[in-house]
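Asker: just need the structure, nothing else, for what follows:
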Amino acid sequence: IPPEGEIPTEDALKTPRDVQLLLNSCYDVVRSAKFLGGKIRNLADLMGDDRDGAALSGNWLSYFSHNTGIFNQETRDMWSEPYIMIYRCNVLLENMDLVADLSADQKARTAAEAKFLRAVGHFELVRMFAQPYGYTTDNSHVGIPLRIKASQEALERATVGAVYAQVLSDLEDAKNVLPASNG
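Answerer: Residues are numbered from 1 along each chain as shown. Below is the predicted model:
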């Protein structure tokens, strides 16, 4: 019995259109209100020192007072949404070669966009969930799980230095391929 509401892995990426749709779904996550479309700006602003939090309550007050936990919906969204996008980017990077009709230029552009988006996800996660770059002289303090493969296995937190190195590597790879204008 075929599963309802799911696409089996072997059927998910067969055509160049499938590849583009999966890439588009990564952009859907990055621009959603739960990630860069709003939530991250709001939470970063709440944690800044230029707000008067007297009128805040609930989850927003917990961020303002730097006293939030995993049971806060905003925290769960800020943790899960980037990792959803990163997972999809990794699926693309690992499976594009299965699409026979995908040209070399399409593969290169899609891989560059996926690496760019993966870098953005890791960067925003490490900024929100780790001490800042430079907190230790060698950046060996714990950061976030670094996901560079399409896997859902539990990973230990990588160092902040390792996360930034991967972000820079992904951005350099993307910079060398992406056009100046990408629509």
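
Asker: which of the helices or strands spans the residue most central in space within the chain?
Answerer: The centre of the chain sits closest to residue 121, judged by CA atoms, centre = their mean, with a distance of 2.4 Å. Residue 121 is part of helix 104-129, with elements assigned from DSSP states H and E.

Asker: quick one: low-confidence parts of this protein?
Answerer: 9 (pLDDT under 70).

Asker: returning to that earlier point: not counting its neighbours along the chain, what's nearest the residue nearest to the centre of the chain?
Answerer: Nearest-residue entry for residue 121: residue 82, 3.8 Å, with adjacent residues in sequence omitted and distances by CB to CB, 6 or more residues apart in numbering. Where you see a C-beta, it was placed from the backbone N, CA and C, and this is true even at glycine.

Asker: surely the one you found meets residue 126?
Answerer: No. Using CB atoms under 8 Å, residue 82 makes no contact with residue 126, being 10.0 Å away.

Asker: which one of these two is surrounded by more residues?
Answerer: Each of residue 82 and residue 126 has its neighbours counted (other CB atoms under 10 Å); residue 82 has more, 29 against 25.

Asker: in contact with residue 14: list those residues for me.
Answerer: By CB atoms under 8 Å, 6 or more residues apart in numbering, the contact list for residue 14 reads 98-99.

Asker: ok, 7 Å please
Answerer: Residues near residue 14 by CB atoms under 7 Å, 6 or more residues apart in numbering: residue 99.
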